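S.K.: need a structure here:
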Amino acid sequence: MPTYKSDFRPTMKRWSIILKTILLITVILFFIRALVAPSFIDQIVSLLLGVGVLAIYVYTLNIIPSSIQLGEKEIIIQRTFGKKCIPYSIIKEAFIYNEVQGDIRYCGSNGFLGYMGIMGSTLYGKYYSYVKNPQQQVFILTKNKNYLISCENRETFIKELHTRMVTER
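M.R.: Okay, the predicted model is just below:
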């Protein structure tokens, strides 16, 4: 099963480690403040802020892809917690996509640890984005949902995907 690594651009790789560290320190500080705050309201607010930042961090880790695999019958987007599968039978087309800068973000991250979430394109409509490196984007049109992913060697990935789509049909 061919595996294509989904990784940040080199400069963003450094920043992602720094941002993750800052987020974790922030959560710890909110929890410490909840323990030492003088009033009950301050304790509750600090606790809620800490839980909120932690929830955002865990959610972001949940949707960030670590690799893209071409299985026997489906594309498998490996994530920190679980995976997302896209069967070859529903894929209409896969192609290089470089137009994300003009797209609309409905819900998600537009640069913080990647381009993740629900986005919108004037040409292709709503799509789900799992992009860590915007210079290696692949758009996948399916019968019901559209996806934007990124992986190393996207040209090879697209060729292999097209071969598997033809074999599947």
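
S.K.: what's the burial count for Glu24?
M.R.: No Glu there; residue 24 is Leu. 13 (other CB atoms under 10 Å). Any C-beta I mention is one placed from the backbone N, CA and C, and that applies to glycine too.

S.K.: whoops, I mixed them up, Met119
M.R.: By other CB under 10 Å, the residues close to Met119 number 23.

S.K.: ok, what's across the strand from it?
M.R.: Beta-bridge pairing for Met119 (DSSP bridges): Arg105, Tyr127.

S.K.: pretty sure it contacts Tyr106?
M.R.: Yes - under the criterion of CB atoms under 8 Å, Met119 makes contact with Tyr106 at 6.5 Å.

S.K.: Quick one, grab the pLDDT at the residue of the chain most remote from its centre.
M.R.: Largest separation from the mean C-alpha position in the chain: Pro38, at 39.6 Å (CA atoms, centre = their mean). Pro38 is assigned 86 on the pLDDT scale.

S.K.: How about Arg9?
M.R.: Model confidence at Arg9 (pLDDT) stands at 63.

S.K.: what's the answer for Tyr97, then?
M.R.: Reading off the model, Tyr97 has pLDDT 89.

S.K.: and it, how many residues sit next to it?
M.R.: For Tyr97, the neighbour count with other CB under 10 Å is 21.

S.K.: What of Ser39?
M.R.: Residues lying near Ser39 (other CB under 10 Å) number 8.

S.K.: quick one, phi/psi of it?
M.R.: phi -110, psi 160 (degrees, to the nearest 10).

S.K.: Please report the distance of it from Leu19.
M.R.: Distance from Ser39 to Leu19, counting by CB to CB, to the nearest Å: 31 Å.

S.K.: What is the burial count for the residue nearest to Leu123 when sequence neighbours are not counted?
M.R.: By the measure of CB to CB, 6 or more residues apart in numbering, the closest residue to Leu123 outside its immediate chain neighbours is Glu99, 7.8 Å from it. Other residues lying near Glu99 total 13 when counted by other CB under 10 Å.
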